[in-house]
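A.B. asks: Quick one, structure for this:
(chains A, B, C and D)
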There are 2 protein chains.
Amino acid sequence: MANNLAFAALADPTRREVFERLAAGPSAVGELAQGLPVSRPAVSQHLKVLKEAGLVTDRPDGARRVYQIDPQGLGQIRAWLDRFWDTALDAFKAEVERNDDEEPKAP
Amino acid sequence: MANNLAFAALADPTRREVFERLAAGPSAVGELAQGLPVSRPAVSQHLKVLKEAGLVTDRPDGARRVYQIDPQGLGQIRAWLDRFWDTALDAFKAEVERNDDEEPKAP
DNA sequence: CTCTAATGTTAGCGTTGGCTTACGGTAAGC
DNA sequence: GCTTACCGTAAGCCAACGCTAACATTAGAG
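C.D. replies: Reported below is the predicted structural model:
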């Protein structure tokens, strides 16, 4: 459902980099852009996407604007992944066992 | 690192749909394309991307070609997520507590 | 009130990405 | 050998994306 936005947001390397830096602690736009190879408006746009995906939250701090991690978005991806981890692994193991039965070390 | 490919692969909705169908069990290209709103070559290209991302494996079966889930790719994403889950959540909680200290229900 | 710093927003450009159509290749059946 | 079924690949089209540059906006210092 909405995890669509979260996955799409985390697909871009630059955006993941921004997200990883925010994971270390809250930060403003200028601070983030200073350590990245892209311009400040680019970081602002990335933050907008991350915000719409429920991955970050923003809060005004004077003339600045501080962004920080929002666990909600990560939770959605984690839920999707956990729901799959079992079924996918079961199907995988079942297939491996099925092949072991069909090819039981024929001499 | 390589989880870049996995995230990019899972970003596309159609590709996630293909992946989810494969999670239910192995399948061939034609079978997958039959239940999807895109053509068969499109599914083939999606499977190529999923394969390069370490999310699926293919195995020839006569004239057909059967694809199935490869837990490796999911494991990479899961590892990335788990590594973040703690730090991100810690930073988030620390910030929440810090705000609680600064705004302790001032009358 | 003016000036400055920090940010969001828009327009435009170049690139990437997904899709279809058409083609080439391989495995089984007649 | 010929035909049929199934699949991968190449070429091309069009929408979406990421980026920069320029402008608009707001908050605080003087």
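
A.B. asks: and residue A:54, that's in a helix?
C.D. replies: No - using DSSP: H, G, I helix; E, B strand; the rest coil, the assignment for residue A:54 is coil, not a helix.

A.B. asks: Quick one: classify the residue lying closest to it once chain neighbours are set aside as helix, strand or coil.
C.D. replies: Setting aside the residues directly before and after it, residue A:54 is nearest to residue A:73 in space (C-beta to C-beta, 6 or more residues apart in numbering or on different chains), at 4.0 Å. Every residue, glycine included, has its C-beta placed from N, CA and C. Following three-state DSSP, the label given to residue A:73 is helix.

A.B. asks: what about residue A:73, how many residues close to it?
C.D. replies: A count of nearby residues for residue A:73, using other C-beta atoms under 10 Å in any protein chain shown, gives 26.

A.B. asks: Point out where chain A drops to low pLDDT.
C.D. replies: Applying pLDDT under 70 to chain A flags residues A:1-2, A:91-92, A:94-107.

A.B. asks: ok, which residues in it are in contact with DNA strand C?
C.D. replies: With C-beta under 7 Å from any atom of the strand as the criterion, chain A meets DNA strand C at residues A:28-31, A:40-41, A:44-45, A:47-48, A:58, A:63-65.

A.B. asks: Please pick the buried ones from those residues.
C.D. replies: A:28, A:29, A:47, A:58 (16 or more other C-beta atoms under 10 Å in any protein chain shown).

A.B. asks: Pick the one among those residues closest to DNA strand D.
C.D. replies: residue A:47 (10.7 Å; C-beta to the nearest atom of the strand).

A.B. asks: give me the residue from chain A nearest chain B.
C.D. replies: Across chain A, no residue is closer to chain B than residue A:11, which sits at 3.5 Å (C-beta to the nearest C-beta).

A.B. asks: ok, that residue to residue A:22 distance?
C.D. replies: 17 Å (C-beta to C-beta, to the nearest Å).

A.B. asks: what's around the residue of chain A at minimum distance from DNA strand D, how many residues?
C.D. replies: Residue nearest to DNA strand D within chain A: residue A:39 (3.1 Å; C-beta to the nearest atom of the strand). For residue A:39, the neighbour count with other C-beta under 10 Å is 10.
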